[in-house]
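**Q** coordinates only, sequence not included:
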DNA sequence: TTAATAAAAGATATTTTTGTCTTTTATTAA
DNA sequence: TTAATAAAAGACAAAAATATCTTTTATTAA
C-alpha cells in the first residue's frame, strides 16, 4: 500500500477534479467524476458524502445537480480532506505506533520520523485544493489510471 | 491509521528488541518479545517468520532457542524490514495512487510528495537496526505501549 | 402533477489486515 | 530414547477497508 489509503487517494483526485470544474458551473456528477479519476463509483459516492458533510465540497440533487466547490473552498489546504476522512493521526502519530511517544518522551525513531511528518504536514497544508486547476483544465495534468 | 501498517510497526519494535539482546547470547523467544513490545504473540510470530526467511533476523528452535541477529545484520537499515514485509511501494508509489505518475510524467502532487518520500527513504536507510541498542539496554528507551 | 435526474442512504459482499488457536517440526538435555 | 522447549506452519476468526447493488429523497423541467 502507498502512503495514503484508497479512500484518501480517491478523495484527493476527486476533489481536484471537482475543483477544476468549479469555474464553469457544470457541476460534475458521481459517474463523470468516477470515470475521470478511475475509481469505483459507489465507493466514491460514500467518500464525497463525507466530504460534503464536512463542508469540503457541496452538492445539489436532481437534474443539473452534482458536486462543486465554493470559491473560498478552493483556497483550503489538501490536509482538510485527509482530516475530514481519517482524522489527524497521520500528522501526529508515532512512527512505531507507541502511544507514550511524545516530544518529552520520544521513541527511538521520534526525531527522524518527525522530519518526515513535518514534510508531509507542510505539503498537505501548503497545497490548496484549487492549486492545479489551470493545468487540469488544459489537460497538462490528468487524474485517471 | 498511522503512516505504517501494524505489521511494520510491530516488526520494527521487535527487531529493535531482538537487536538490543544480540550482544548477550540470550536469544529472546516470541513470548518475551511480544510482551516487551506489546504485540499479539502469534501475529508477531508470523511477522518474525517472514523476517527470518528474508534474512533480516535468525532463529533457533528448541530449548535455549529464540531469535537473534548476526553482528553484520545490526548494520542493516530499517528500510530492509519494510521492504521484506511489504515491498517498496511506500518508497516509490504515487501519493494519489496514479500508476502513470513518474518523474517524466508527474501527477499534480508529484514534486512535493517526492520530498516527503525522500525524507522517509532517507530516514529508513540511514537508521540502522542496531542503532539504539545501548539506549534500549539502559532502559532510556522502551518499546511497549 | 408527473417523469426524469442525481445525490443520499441503506444493505450487502468481498478482500485485506489483524488476531487467535492448534498441530507439527527441530533441538536440547536429561 | 524421552520429555521438554520453542519456532514453524496451518487453520480459523474477527475487524477494517474496499466495493457493489438497491431504495429513498430532493430537485428540476415539462
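**A** Now that the structure is in, tell me what you want to look at. From a predicted model like this one, the values you see are computed outputs, not experimental measurements.

**Q** Residue A:16: neighbour count?
**A** Residue A:16: 26 surrounding residues under other Cβ atoms under 10 Å in any protein chain shown. All C-beta spots, glycine's among them, are computed from the backbone N, C-alpha and C.

**Q** residues in chain A within reach of DNA strand D, list them.
**A** Chain A comes close to DNA strand D at residues A:1, A:5-7, A:10, A:39-43, A:45-46, A:60-65, as judged by Cβ under 7 Å from any atom of the strand.

**Q** can you tell me which of these are up against chain B?
**A** Filtering the residues of chain A next to DNA strand D for proximity to chain B (criterion: Cβ under 8 Å from any Cβ of the partner chain) leaves A:1, A:5-6, A:10.

**Q** Now a ChimeraX select for only the buried ones of the residues of chain A next to DNA strand D.
**A** ChimeraX command restricting the residues of chain A next to DNA strand D to the buried ones, with burial defined by 16 or more other Cβ atoms under 10 Å in any protein chain shown:
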select /A:5,7,10,39
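
**Q** Once you drop chain neighbours, what's closest to residue A:117?
**A** Using Cβ to Cβ, 6 or more residues apart in numbering or on different chains and skipping residues adjacent in sequence, the residue nearest residue A:117 is residue A:91, 6.4 Å away.

**Q** wait, that neighbour sits on residue A:119?
**A** No - using Cβ atoms under 8 Å, residue A:91 is not in contact with residue A:119, being 11.2 Å away.

**Q** Torsion angles phi and psi at the residue of chain A found nearest DNA strand C?
**A** Chain A approaches DNA strand C most closely through residue A:29 (2.8 Å), counting by Cβ to the nearest atom of the strand. According to degrees, to the nearest 10, the main-chain angles of residue A:29 amount to phi -90, psi 170.

**Q** ok, now residue A:68?
**A** phi -150, psi 170.

**Q** try residue A:135
**A** Dihedral angles (degrees, to the nearest 10) for residue A:135: phi -60, psi -40.

**Q** Wait, it touches residue A:141, no?
**A** Yes - with contact defined as Cβ under 8 Å, residue A:135 counts as touching residue A:141 (4.3 Å).

**Q** The two: which has the busier surroundings?
**A** Under the neighbour definition other Cβ under 10 Å, residue A:135 and residue A:141 were set side by side, and residue A:141 has more, 21 against 14.

**Q** And that one, how close does it get to DNA strand D?
**A** To DNA strand D, residue A:141 is 22 Å away according to Cβ to the nearest atom of the strand, to the nearest Å.

**Q** go on, residue A:127?
**A** From residue A:127 to DNA strand D the distance is 21 Å (Cβ to the nearest atom of the strand).

**Q** Many thanks, have a good one.
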